[in-house]
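[1] let me see the structure of the following:
(chains A, B, C and D)
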Amino acid sequence: MKQVTYTIHTNNPLTQDVYRMVLEGDTSAITAPGQFVNLTLDGLYLRRPISVCDWDADGLTLIYKVVGQGTDQLSQMRPGETLDALAGLGNGYDLAACPNDPVLVGGGVGVPPLYGLAKWLIRAGKSPSAILGFNRAEEIFFDMEFAALGIPVTVTTVDGTAGLRGFVTDAMPEDAYVCVCGPEPMLKAVHKLASGGQFSFEARMGCGFGACMGCTMPTVDGYKRVCKDGPVLGYGEIKW
Amino acid sequence: MKQVTYTIHTNNPLTQDVYRMVLEGDTSAITAPGQFVNLTLDGLYLRRPISVCDWDADGLTLIYKVVGQGTDQLSQMRPGETLDALAGLGNGYDLAACPNDPVLVGGGVGVPPLYGLAKWLIRAGKSPSAILGFNRAEEIFFDMEFAALGIPVTVTTVDGTAGLRGFVTDAMPEDAYVCVCGPEPMLKAVHKLASGGQFSFEARMGCGFGACMGCTMPTVDGYKRVCKDGPVLGYGEIKW
Amino acid sequence: MPDLSVNLLGIELSNPIIPASGTFGYGREFAELYDIDILGTFSFKGTTLHPRLGNPLPRIAEAPSGMLNAVGLQNPGVDKVITEELPNLAKIFHKPVMANVSGFSIEEYAETCRRLDGCDQVGWLEVNISCPNVHHGGMSFGTDPMQAAAVTKAVKAVTTKPVIMKLSPNVTDIAAIARACEEAGADGISLINTLMGMRIDPRRRAPIIANTTGGLSGPAIFPVALRMVWQVYEAVSIPIVGMGGVSSAEDVIEMMLAGATAVEVGAANLADPWACPKIIEALPAAMEKYGIDRLKDIIGGAHHG
Amino acid sequence: MPDLSVNLLGIELSNPIIPASGTFGYGREFAELYDIDILGTFSFKGTTLHPRLGNPLPRIAEAPSGMLNAVGLQNPGVDKVITEELPNLAKIFHKPVMANVSGFSIEEYAETCRRLDGCDQVGWLEVNISCPNVHHGGMSFGTDPMQAAAVTKAVKAVTTKPVIMKLSPNVTDIAAIARACEEAGADGISLINTLMGMRIDPRRRAPIIANTTGGLSGPAIFPVALRMVWQVYEAVSIPIVGMGGVSSAEDVIEMMLAGATAVEVGAANLADPWACPKIIEALPAAMEKYGIDRLKDIIGGAHHG
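    Reported below is the predicted structural model:
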């Protein structure tokens, strides 16, 4: 973990309420896809955790949905403004634990961290595929970016206005090893179908670095802190 | 009273801790010298009252001393930034009540509003003179600006490092009609020597527009609100 | 078209927004700024039997997301309010007003309310029991269920107007105080008054406020206010007027979901004199966002079972 | 060279800064970030006799200038603290630590303290009496002088270490609770614990926190904390550890002027993990600004006569 002041390079909407923000600054604390940064926003006391979509030596990309005061404020920030962040939080996905052909399953704003994961898996010589679930056609984002990585991509929409009609589980192969990120009901449904994998959880956090016990959840191995022991938990650890 | 968004034109130190800030924006609510504006500052709940030094149709000048968190923040603001203000607060000095030759007596950051007053008195065909009191030579500001108005100016310093050694009262003519602004002990000392005049008071305020009774003080005519019935009180109203 | 109206103890309010006592004077300063008839009503400056000069200065201090005040109930006394302020008010405000009453003995509360009972302009009496009881060691009436009940009974005996008891939050068990007021005949409860706080000036090494302590108000106290409104809603069945740090349409909705029938806005009026009109203007969009057609439908709506 | 040292109940602290219980775990997360030996000491995570899983999620909500939490005393139990956490701590912290103890019966408080009494690393016992008494209708020990005194006596009987009673601010008369603790033998008082608050999610029309209410901490509560430290300083003659929203060197000075011998920093550690080192670093300049040579000289310095 490192405290970093990032400069906003771009901050643009991808859909009606999903934004992509590119930040410039020190990314040395970010060591695995699936980690998050915790941002200080003017007038808010608690930092806001946002998962890292992608990063390189010079900066990182965040993709976030406007859901409350914090993300609303974030969406109004302009290039050149700075953001104070704790960077490199959480465990992230364990690449070594992935088989050769993991299925990346993302729902809504659960999609972004899987993009960075896909890149790292490819770099590690593996052959991931992706299933990206959305509610409707207008809410789809980043499907092109996944496709540009040269991996098989299936898009699902609940209302059938694009891609396969249905949920991500309708597109899942049997007994797959999955790397998942999305809302909890989706994680649960995917967990039921999969034979193994890694699941990224969300929680309201206090500190984001394991001090306050604000986001612990019961697992097979006792309580774990979503922010520090997670956000990614192994298939076998999860207790619904 | 009017809510106005001002743009900072300049914000520069005049002495070690006294700053001049020139603001551009609507001044139509400002009707008399001695009035003040009440400024919203980031992260502070209560507005901060600052007396108006001078104004014209396009903007105004504030002179303030860094004494706490609010004024410290104000001193760090840069040209181009905006300030939310309630403008035209308080009664200001009554020009019509002044004789032909009022003596303007200012101490420290009590000096600035007297500059605007001097200009208006001259414009009204009157012949004011000024006594400006400071602690020491390094703290002197605006003596040149007063002199440039072509009126007699006496500077006093407590330690004698410039001008007359002593207090403003040491420079005061007998039985003068005075227009005064400065710390309360100075107001009291000047009141004792003068035969009439107008005295501008300071107070910690809640609202600045007469609603909260946070700044009322006893006078000969009952309690008055420094922010709304003042800040300028008549010689005969004051009860020490 | 969203419906903002609520009914507070038999009187229809076009919206639930009520400037809180002590932040709105007797209406004059704000009537210079906007048409105050747009308000649900307002609660006028805390009025006592006799005129009061209030506390020495300084009376005000800054606090994180809030402010401290120790004005000390400065007011011209009930008779001058009736003969001067209410006739003035009639020219600028054409709705029933909420009369906020304070006192330092049970007899004083009763006599002040008795005199206001004859005023047609007064729609409700809001009885502030945070004041110290001079006959009872200076302890606040509002910290003891028995004392709170005694004030309620005395006031109810002299008026036919709806009586809203305004509670102090500086207590261990707010529900017990509210229940005592209800049992003694109160028609409604309003809460919270300010939290007792202080600040120290490190330069002078002394309290900033001349009175040593002051009442904390502003957004800082909103979570405490919301919790107490929630607890009182579970404890009594009479209507609640919620207040404490409310500054936005969203805050109003939270307060009503916690159990408030109407919502007072206090410190926000001082930081932004147009706070109430802005909140009223923002309510329809906030209602739409949360799928609310009629504001009155959400009163207590966050209590389940 | 300004002198930051204070003496807390016979143990010299290099400075008065103490991370508050529940915001600093057992030190490990922060030791990864800075040398925690720079602290005066720290108060470890509230520890109970048996392991506790704590409350369901969500446990956290945002508040103006603060936050709500309802962690519910999640901890591994005193035995595991003694056999695992303290040996771990010995590697990263080389000063006496403050052991924060909670309980749900008087017997539980006593037994937990008895077990900690044998630990050389523990300098002080800080006994949190904000918990509900399961044998007493769930009322918090800290809201009743008799119960507070009973806990104090029971703990004092089983330990030779200095006992600091940590008070709840959710009471009518904080001075009465502090006096009861002092009379029962407490060596010191720490305050304030969190103010009970809540927030509602208008989308779900339900409380944000699963536990309904949570404890409000952060700068929002600083004026209330300062007032209570002031009142307790006037009521007792044992040392006070002040806390509640402290976030800066200036806040520390205000707290000490109000009567605190040492100062705990809580929520600030969560918003900025380097909050404590920053405060310690800023203290000398703040002391110079206010003409303070020795920090210990200003304890209670704003009380005059």
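[2] C-alpha from now on. contacts and neighbour counts both.
    Will do.
[3] check contacts around whatever residue of the stretch 101-250 of chain C ends up closest to chain B.
    Of all residues in the stretch 101-250 of chain C, C:Gly218 sits closest to chain B, at 8.1 Å by Cα to the nearest Cα. Counting by Cα atoms under 8 Å, 6 or more residues apart in numbering or on different chains, C:Gly218 touches C:65-67, C:244-247, C:266-268.
[4] try it again at 10 Å.
    B:45-46, C:63-68, C:194, C:243-247, C:265-271, D:64, D:220 (Cα atoms under 10 Å, 6 or more residues apart in numbering or on different chains).
[5] next up, phi/psi of it, please.
    phi 100, psi 180 (degrees, to the nearest 10).
[6] what does C:Glu183 give?
    phi -60, psi -30.
[7] quick one: pLDDT of it?
    At C:Glu183 the predicted local confidence, pLDDT, stands at 98.
[8] correct me, but it touches C:Val236?
    Yes: contact criterion Cα atoms under 10 Å: C:Glu183 and C:Val236 qualify, at 9.2 Å.
[9] of these two, who's got more company?
    Neighbour comparison, C:Glu183 and C:Val236: the larger count goes to C:Val236, with 19 against 14 (by other Cα atoms under 10 Å in any protein chain shown).
[10] put the alpha carbons of stretch C:49-58 into CSV.
    The C-alpha trace of stretch C:49-58 is given here as CSV (Å, rounded to 0.1, in the frame of the first residue of the first chain):
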residue,chain,number,x,y,z
LEU,C,49,-42.6,35.4,29.5
HIS,C,50,-40.2,38.3,30.1
PRO,C,51,-37.8,39.9,27.7
ARG,C,52,-34.3,38.4,27.8
LEU,C,53,-31.0,40.0,26.8
GLY,C,54,-29.3,36.6,26.3
ASN,C,55,-25.7,35.7,26.9
PRO,C,56,-22.5,37.8,26.7
LEU,C,57,-20.4,37.6,23.4
PRO,C,58,-18.9,35.6,21.9
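[11] count the residues that sit near A:Trp240.
    A:Trp240: 11 neighbours (other Cα under 10 Å).
[12] list the contacts of the closest residue in space to it that isn't next to it in sequence.
    Leaving aside its sequence neighbours, A:Trp240 sits nearest to A:Lys188 (Cα to Cα, 6 or more residues apart in numbering or on different chains; 7.4 Å). Taking Cα under 10 Å, 6+ apart, we find A:Lys188 in contact with A:182, A:199, A:238-240.
[13] which two in those are spaced the farthest apart?
    Spatial extent of those (Cα to Cα) is set by the pair A:Gly182 and A:Lys239 at 16.8 Å.
[14] those two: who's more crowded?
    Shown here are A:Gly182 and A:Lys239; by other Cα under 10 Å, A:Gly182 has more neighbours (22 against 12).
[15] report the rounded mean pLDDT for the top strand by length along chain A.
    Scanning chain A for the longest strand, with DSSP state E as the assignment, gives strand A:2-13. For strand A:2-13, mean pLDDT is 97.
[16] close to chain C, is the helix or strand following that strand?
    Counting by DSSP states H and E, the next helix or strand C-terminal to strand A:2-13 is strand A:18-24. No: Strand A:18-24 lies out of reach of chain C by Cα under 10 Å from any Cα of the partner chain, never closer than 17.7 Å.
[17] helices or strands next to strand A:18-24 in the packing?
    Other helices and strands packing on strand A:18-24, by 3 or more Cα pairs under 10 Å, 6 or more residues apart in numbering or on different chains; DSSP states H and E, are strand A:2-13, strand A:48-56, strand A:59-65, helix A:69-75, strand A:82-89.
[18] okay, these in a markdown table with mean neighbour count and distance to chain B next?
    Formatted as a markdown table, the helices and strands packed on strand A:18-24 follow (neighbours: other Cα atoms under 10 Å in any protein chain shown; distance: least, Cα to the nearest Cα, whole Å):
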| stretch | mean neighbour count | distance to chain B |
| --- | --- | --- |
| strand A:2-13 | 18 | 19 |
| strand A:48-56 | 22 | 18 |
| strand A:59-65 | 22 | 26 |
| helix A:69-75 | 17 | 15 |
| strand A:82-89 | 22 | 16 |
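[19] could you dump those into a markdown table with distance to C:Asn7 added?
    Converted to a markdown table, the helices and strands packed on strand A:18-24 look like this (distance: least, Cα to Cα, whole Å):
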| stretch | distance to C:Asn7 |
| --- | --- |
| strand A:2-13 | 43 |
| strand A:48-56 | 40 |
| strand A:59-65 | 38 |
| helix A:69-75 | 31 |
| strand A:82-89 | 46 |
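[20] the residue in chain C that chain B sits nearest to: which element?
    Per Cα to the nearest Cα, C:Leu270 is where chain C lies closest to chain B, at 4.4 Å. Following DSSP H and E, one finds C:Leu270 within helix C:268-271.
[21] get me the contact residues on chain A for chain C.
    So far as Cα under 10 Å from any Cα goes, chain A lies against chain C at A:Gly43.
[22] quick one: the helices in chain A?
    A:69-75, A:112-123, A:143-148, A:184-193 (DSSP state H).
[23] understood, closing this out.
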